[in-house]
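*Asks:* Sequence plus predicted model, see below.
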Amino acid sequence: MTPSPFGVMGIVNLTPDSFYDGGQHDSPAPGIRHALALRDQGADILDLGAESSRPGAAELSPGQETQRLLPVLAGLRRVAPAAVVSVDTYHAETAAAVLQMGVSIINDISACAFDPALLDVLVQYKPGYVLMHSQGRPKTMQHNPSYADVRREVREFFEREMSRLVRAGLPENRIVLDPGIGFGKTLEHNLALLAHPEDWLEFGRPVLMALSMKSVFGGLLGLPPQQRGLATATATAMLRSKGVYWHRVHDVAAARQAMTVALALEAH
């Protein structure tokens, strides 16, 4: 937990093909500068990602991934040793490499499904772990996603996968839940999940909402990614009022302002 009544994870894309800011920070110096700027805006955690997970994105090898990640991590450790760093990866090899460098959290879109050896790394190091729901891999996940009942299926996924992780040896208090907005879900699926965060809050684990600039706002408002900031801040404030504590965002300052206003009004 943080001293404030919410937590903000700042997104640091180190990939040339991110849907929102691809190419702006895809080398060490601009990546480090951007991470430090988000820290200065008030990010509690810096989430580094070297492989795009946008719909249709190509996969990277662990070698390519670590080639992008390790210089930025080394730079942050040098200039901001107290920064709490998360790495967005599903590769066991990458996770082991970054955990050895002091990374605190592994943010995995696959629930250890894309590289089952990741579970062994988690059990060994016991980092914070973001357990995210997704239907399929990024390359194909938006090809006609289908659910009988998306809310029930995501709840069942969390119950099943949390149990599996704990049985394997990852303490439950290391697990954070992410419903995976935009990952194998239509606009209606996303809205149904966003309207009912109580579905996952009942597990008693922190929930990380990662909806910054996503296609749900494009579907609702017809806006390109660069114009979805106001919608993101509005949804972030509303979800914090419903009990969602952690938010993964591109614009840290806007998220903090929106949540501060929402909670101040709620208190009165």
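*Replies:* Great, that's in hand.
*Asks:* can you give me the helices in the stretch 51-200 of the chain?
*Replies:* For the stretch 51-200 of the chain, helices defined by DSSP state H, counting those that start in this stretch occupy the ranges 62-79, 92-100, 118-125, 150-168, 187-194, 198-201.
*Asks:* Turn those into TSV, columns for distance to residue 245.
*Replies:* C-beta: built from backbone N, CA, C; applies to glycine. Output for the helices of the stretch 51-200 of the chain, formatted as TSV (distance: least, C-beta to C-beta, whole Å):
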stretch	distance to residue 245
helix 62-79	24
helix 92-100	24
helix 118-125	22
helix 150-168	16
helix 187-194	15
helix 198-201	9
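*Asks:* out of these, nearest to residue 41?
*Replies:* helix 62-79 (15.5 Å; C-beta to C-beta).
*Asks:* just the angle between that closest one and helix 92-100, please?
*Replies:* 10 degrees (axes from the mean of the first three to the mean of the last three C-alpha atoms, to 10 degrees).
*Asks:* list the buried ones in helix 62-79?
*Replies:* Across helix 62-79, burial judged by 16 or more other C-beta atoms under 10 Å covers 62, 65, 66, 68, 69, 70, 71, 72, 73, 75, 76.
*Asks:* likewise stretch 182-198?
*Replies:* Neighbour-count burial for stretch 182-198 [16+ other C-beta under 10 Å]: 182-186, 189-194, 196-197.
*Asks:* Would you mind putting those into CSV with distance to residue 229 and pLDDT alongside?
*Replies:* Shown next, in CSV, are those (distance: C-beta to C-beta, whole Å; pLDDT from 0 to 100):
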residue, distance to residue 229, pLDDT
182, 16, 91
183, 21, 92
184, 25, 91
185, 22, 93
186, 23, 94
189, 23, 96
190, 18, 96
191, 19, 97
192, 24, 97
193, 21, 97
194, 17, 97
196, 25, 97
197, 21, 96
